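Colleague: Here's my sequence, what's the structure:
(3 chains)
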Amino acid sequence: MSRHTRRVEVTDHARGLLGRVLHGHGVAARITEVEAYGGINDPASHAFTRTPRSEIMYGEPWRLYVYRSYGMHFCANIVTGPTERASAVLVRAGEVVEGIELARQRRGERIADAGLARGPGNFASALGLTLEDLDTDLLGAGEVHLGSHPTATPDISEGPRVGISKAADVPWRFWITGHPTVSAYRRSRRAP
DNA sequence: TAGGCGATGACCT
DNA sequence: GGTCATCGCCTAC
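Modeller: Have a look, this model is predicted:
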């Protein structure tokens, strides 16, 4: 398989996740913003160097990869496979469509609805995702799983990924055009 | 075993 | 708009 074909794969998965609903511990959110990570070919991916932490991305697709960022935040990724390719999609933002009261309890009463799941750390927080959910099968019927595909294809915009210092110019960030939950672009301080 | 750093968020002006 | 807290994980020694 060619390098080009791999690139299309992971970005197609990223686009395909927009508009899908992710259920997490009593809260459901429609995914509005994602970033694609190309695994072994992507310097910005955790899987670029194979470590015990990134090992899960080399395994079965449609598993949940959760990691801790800056010591206190969790970020949720969906492994898209195939096995050994280590491709994954980072969920950056969503619109809470079920369990909004529970989401508000987790995030804080004063947060506006559109901000409940804006930003990767906030999205994981709103859905109650932690390291306990690592390796969850998202196609299963557990507390954390993916819903069906949306009936209509959303209008998708693309741009550079946020907050990374390597390969910061690759346009592998996708979001639903004009959606209020999408976070503003901010380039990493360490990016060249 | 120690040092450096980050796929962030919140708060301040 | 910009600045900074904060700590587990990875890498090098």
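Colleague: the helices in chain A, which residues?
Modeller: Using DSSP state H, the helices of chain A run over A:3-17, A:100-107, A:120-126.
Colleague: what's the span of stretch A:47-58 from first residue to last?
Modeller: End-to-end distance of stretch A:47-58 (CA to CA, to the nearest Å): 8 Å.
Colleague: buried stuff in it?
Modeller: Within stretch A:47-58, the residues that qualify as buried are A:47-48, A:54, A:56-58, counting by 16 or more other CB atoms under 10 Å. Bear in mind the C-beta positions are built from the backbone N, C-alpha and C, glycine included.
Colleague: so which pair among these is furthest apart in space?
Modeller: Across the buried residues of stretch A:47-58, the longest distance by CB to CB is 14.6 Å; it joins A:Phe48 and A:Ile56.
Colleague: pLDDT weak spots in chain A?
Modeller: Low-confidence segments of chain A, defined by pLDDT under 70: A:1-8, A:184-186, A:192.
Colleague: Contact residues of it facing DNA strand B?
Modeller: Within chain A, the positions near DNA strand B by CB under 7 Å from any atom of the strand are A:35, A:37, A:44-47, A:65, A:69-71, A:73, A:75, A:77, A:88, A:90, A:107-108, A:119-123, A:161-165, A:183, A:188-190.
Colleague: Repeat the analysis, applying 6 Å as the threshold.
Modeller: Taking CB under 6 Å from any atom of the strand as the contact definition, chain A meets DNA strand B at A:37, A:44-46, A:69-71, A:73, A:75, A:77, A:88, A:90, A:119-122, A:162-165, A:190.
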